[in-house]
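In: Provide a 3D model corresponding to the input given below.
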Amino acid sequence: MADVVAEAAPAAVSTGNDDIRKNFNFPLVVKTDMSEEMLQECQESSVTAIEKHSSNNEAAAKYLKEHMDKKFGPAWQVVVGEGFGFEMVHEAKHLMYLYVGGSVAVLVWRCS
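Out: This is a model prediction of the structure:
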C-alpha cells in the first residue's frame with residue numbers, strides 16, 4: 001500500500017501548476033505588532049520592492065529600508081529572502097514579518 005501512495009503523490013502534485021506558491025499574489029502577514037496605518041504602508045512598500053527587484057533580494061531590502069527610514073524615521077532593519085531564521089530584539093509596535101509571492105519572506109523591524 002505504501003508503494004501506491006508513493007506513486008500517486010507525484011501525479012497529484014503535478015496538476016499543471018509548477019509551483020502553487022506562485023499563485024499567491026498578495027502579501028501574507030505571519031507576525032506583526034505595527035499599527036494599522038504603518039502595516040498598510042509597509043505591506044505596500046514590500047510588494048513594490050519585490051516587484052521592482054524580483055531577482056535581487058539585497059536591492060529590494062535596501063529599497064524598503066530607505067523607504068521606511070524616510071517615512072517613519074531612522075533605525076529600520078530589513079531582511080528579504082528565502083529560507084532564513086531569525087531571533088532579534090525590536091521596539092514595541094515596530095515589527096512585521098510577511099511572505100510575498102508565496103516564497104519570498106520580508107522581515108522589517110525597528111531598533112533604536
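In: just checking, which helix or strand succeeds the worst-scoring helix or strand of the chain on mean pLDDT along the chain?
Out: The weakest-scoring helix or strand in the chain, judged by mean pLDDT, DSSP states H and E, is helix 2-13 (a mean of 34). The helix or strand immediately downstream of helix 2-13 is strand 28-32, counting by DSSP states H and E.
In: need the contact list for residue 52.
Out: Each residue near residue 52 by C-beta atoms under 8 Å, 6 or more residues apart in numbering is listed here: 59, 60, 63. C-beta coordinates here come from the backbone N, C-alpha and C atoms, glycine included.
In: residue 76 too?
Out: Residue 76 touches 65, 68, 69, 108, 109, 110, counting by C-beta under 8 Å, 6+ apart.
In: and the pLDDT at the nearest residue to residue 92 once chain neighbours are set aside?
Out: Sequence neighbours aside, residue 33 is the residue nearest to residue 92 in space, at 6.6 Å (criterion: C-beta to C-beta, 6 or more residues apart in numbering). Looking at residue 33, its pLDDT is 96.
In: I'd say residue 33 and residue 91 touch.
Out: No: between residue 33 and residue 91 there is no contact under C-beta atoms under 8 Å: 9.5 Å.
In: now, among the contacts of residue 52, which is nearest to residue 87?
Out: Using C-beta to C-beta, residue 60 comes nearest to residue 87 of the contacts of residue 52, at 22.2 Å.
In: element containing the closest one, please.
Out: Using DSSP H and E, residue 60 falls within helix 57-72.
In: tell me the mean pLDDT for that helix?
Out: 97.
In: using PDB, list the CA coordinates for that helix.
Out: C-alpha atoms of helix 57-72 as PDB (Å, rounded to 0.1, in the frame of the first residue of the first chain):
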ATOM      1  CA  ASN A  57      16.800  40.500  -2.700                       C
ATOM      2  CA  GLU A  58      19.500  42.700  -1.500                       C
ATOM      3  CA  ALA A  59      18.300  45.600  -3.700                       C
ATOM      4  CA  ALA A  60      14.700  45.000  -2.500                       C
ATOM      5  CA  ALA A  61      15.800  45.200   1.100                       C
ATOM      6  CA  LYS A  62      17.800  48.400   0.500                       C
ATOM      7  CA  TYR A  63      14.800  50.000  -1.300                       C
ATOM      8  CA  LEU A  64      12.400  49.000   1.600                       C
ATOM      9  CA  LYS A  65      14.800  50.200   4.300                       C
ATOM     10  CA  GLU A  66      15.300  53.600   2.600                       C
ATOM     11  CA  HIS A  67      11.500  54.000   2.200                       C
ATOM     12  CA  MET A  68      10.800  53.100   5.900                       C
ATOM     13  CA  ASP A  69      13.600  55.400   7.100                       C
ATOM     14  CA  LYS A  70      12.200  58.300   5.100                       C
ATOM     15  CA  LYS A  71       8.500  57.700   6.100                       C
ATOM     16  CA  PHE A  72       8.900  56.700   9.800                       C
END
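In: lovely, talk soon.
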